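**Q** Requesting a structural model of the entry that follows:
(one chain, ligands or ions: 1)
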Amino acid sequence: MLYIIGLGLGDDKDITLKGLEAVKKCSKVYMEAYTSLLSFGLSPNGLSNLENLYGRSITLADREMVEEKADEILNEAKSSDVAFLVVGDPFGLVWGSMAPVAVSPLVSAELAAFCLVSCLAVYVATLCVLCFDVLSLIYFLFSPSYVNFQYRATTHTDIVVRAKKLGVDVKVIHNASVMNAVGVCGLQLYHYGETVSIPFFTETWRPDSFYEKIRENRKLGLHTLCLLDIRVKEPTIESLCRGKKQYEPPRFMTVNTAIEQLLEVEEARGESVYGENTICVGFARLGSEDQKVVAGSMKQLLTVDFGPPLHCLVIVGKTHPVEEEMLEFYGL
Ligand SMILES: C[S@@+](CC[C@H](N)C(=O)[O-])C[C@H]1O[C@@H](n2cnc3c(N)ncnc32)[C@H](O)[C@@H]1O
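**A** I've put the predicted structure just below:
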């Protein structure tokens, strides 16, 4: 049996009794590491609290492990009880949003241009390097490890589908999710439109597809939950191109950066979907003792220090008087 167990949002004690009972009877316990490292303040070696509380040793399963070794985990679950721990609720939402993935370079104009420019520079430098570079280019074009940044949503549904195809029984044990914990600010959960994810902008990669979704939500007067990028154990582009993985230091997006990026996109698109005076609610560490919730205009929230991770943001749509009354409690 594969148990997919939600851990809740705050800390190791938010597991449900049902979840704890299931963990204790499992012979192998994996923990989804993308978000858990930051939300539970863990280091890769700092799992001992959790292991003591749950009475089991835990293997951190990062994105690579889950994607490359999912079948191994599922095969174990065929013959024994295996737990897969997930921060929040297993179906609360997708794992990390932006991921470098192995795809054909032929679909990536940006990276193809990068290769061509770098090749040209090297051609000029020396004939020897030219030979090497041609070989590299051929390798990049045809190797599956060639990298493109894609907006990807890997849901826990994938694991359930794969498990079912392999004939593995699956039991899901739910818990609190960021998707419902934002309700604390008083905005009604059934007044939300499509949730968006905001990726970290880079010099050359500034995706803004969230803009259309926010526009549609706002047309309907709906609130928009913005989930903010987390980068844990992300390989650097350079190391991926060289085929030897080196990882970026972990980082998470703050409410402030999210608002800066949102305003940059509004400035570029100019459709007045939102602006500096649009009312939003910023959240940090929901479910923890020191959670922080602040309501105010985008301009006001830019000045607030929300502290350590994780953060998310709600762009407020049309409000009911009761929602307004609650928001006042969180005003600046
Ligand atoms: C991909 S979602 C993970 C959802 C999780 N499975 C759940 O059900 O809550 C991760 C994003 O949710 C937001 N988030 C998760 N936990 C949070 C928390 N405790 N406080 C504020 N935001 C949080 C952050 O923006 C983070 O990047």
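**Q** Any stretches of the stretch 151-300 of the chain with poor pLDDT?
**A** Along the stretch 151-300 of the chain, segments meeting pLDDT under 70 span 151-155, 237, 240.
**Q** which bits of it sit near the ligand?
**A** Residues of the stretch 151-300 of the chain lying close to the ligand (C-beta under 6 Å from any ligand atom) are 177-179, 227-228, 230, 283-287. All C-beta spots, glycine's among them, are computed from the backbone N, C-alpha and C.
**Q** 8 Å instead, please
**A** 156, 175-179, 181, 197, 226-230, 252-253, 283-288, 291 (C-beta under 8 Å from any ligand atom).
**Q** Kindly state the beta-bridge partners for L2.
**A** Using DSSP bridges, the bridge partners assigned to L2 are V82, V170.
**Q** I'd say it and N75 touch.
**A** No - under the criterion of C-beta atoms under 8 Å, L2 is not in contact with N75, lying 10.5 Å apart.
**Q** Which residue of the two possesses the greater neighbour count?
**A** L2 (26 against 13; other C-beta atoms under 10 Å).
**Q** What strand or helix carries S197?
**A** Element membership of S197, judged by DSSP states H and E, is strand 196-198.
**Q** which helices and strands sit right next to that strand?
**A** Counting by 3 or more C-beta pairs under 8 Å, 6 or more residues apart in numbering; DSSP states H and E, the packing neighbours recorded for strand 196-198 are helix 210-219, strand 224-228, helix 255-269.
**Q** ok, 7 Å please
**A** Here strand 196-198 touches helix 210-219, strand 224-228, going by 3 or more C-beta pairs under 7 Å, 6 or more residues apart in numbering; DSSP states H and E.
**Q** show me where the protein has helices.
**A** Counting by DSSP state H, the segments of the chain that form helices are 17-24, 33-39, 48-54, 63-79, 109-125, 127-142, 156-165, 178-181, 210-219, 237-242, 255-269, 298-301, 321-329.
**Q** Kindly compare burial across the ones you listed and name the winner.
**A** Comparing the helices of the chain by mean neighbour count (mean count of other C-beta atoms under 10 Å), helix 33-39 comes out on top with a mean of 23.
**Q** Please work out the average pLDDT along that helix.
**A** Averaging pLDDT along helix 33-39 yields 65.
**Q** now stretch 6-25
**A** 93.
**Q** Distance from that stretch to the middle of the chain?
**A** Here the centre of stretch 6-25 is set off from its chain's centre by 21 Å, with C-alpha atoms, centre = their mean, to the nearest Å.
**Q** go on, stretch 190-209?
**A** Computed by C-alpha atoms, centre = their mean, the chain-centroid distance of stretch 190-209 equals 11 Å.
**Q** tell me the contacts of K292?
**A** K292 makes contacts with 284-285, 306-307, as judged by C-beta atoms under 7 Å, 6 or more residues apart in numbering.
**Q** about what we covered before: and T204, which of the helices of the chain is closest to it?
**A** Closest to T204 of the helices of the chain, according to C-beta to C-beta: helix 109-125, at 6.3 Å.
**Q** hmm, back to that, could the helices of the chain be laid out in JSON lines, adding distance to H311?
**A** Formatted as JSON lines, the helices of the chain follow (distance: least, C-beta to C-beta, whole Å):
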{"stretch": "helix 17-24", "distance to H311": "25"}
{"stretch": "helix 33-39", "distance to H311": "10"}
{"stretch": "helix 48-54", "distance to H311": "23"}
{"stretch": "helix 63-79", "distance to H311": "21"}
{"stretch": "helix 109-125", "distance to H311": "28"}
{"stretch": "helix 127-142", "distance to H311": "36"}
{"stretch": "helix 156-165", "distance to H311": "22"}
{"stretch": "helix 178-181", "distance to H311": "10"}
{"stretch": "helix 210-219", "distance to H311": "16"}
{"stretch": "helix 237-242", "distance to H311": "25"}
{"stretch": "helix 255-269", "distance to H311": "5"}
{"stretch": "helix 298-301", "distance to H311": "11"}
{"stretch": "helix 321-329", "distance to H311": "18"}
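**Q** nearest to T202, of the ones you listed?
**A** helix 237-242 (8.9 Å).
**Q** Give me the sheet partners of the strand holding S197 and which way each runs.
**A** By DSSP bridges, strand 196-198 pairs with strand 224-228 (parallel).
**Q** would you put the C-alpha positions of the strand it pairs with in PDB?
**A** Extracted in PDB, the C-alpha atoms of strand 224-228 (Å, rounded to 0.1, in the frame of the first residue of the first chain):
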ATOM      1  CA  THR A 224      -6.600  35.600  -7.000                       C
ATOM      2  CA  LEU A 225      -4.300  33.400  -4.900                       C
ATOM      3  CA  CYS A 226      -0.700  33.900  -6.100                       C
ATOM      4  CA  LEU A 227       1.700  31.100  -5.100                       C
ATOM      5  CA  LEU A 228       5.300  32.300  -5.100                       C
END
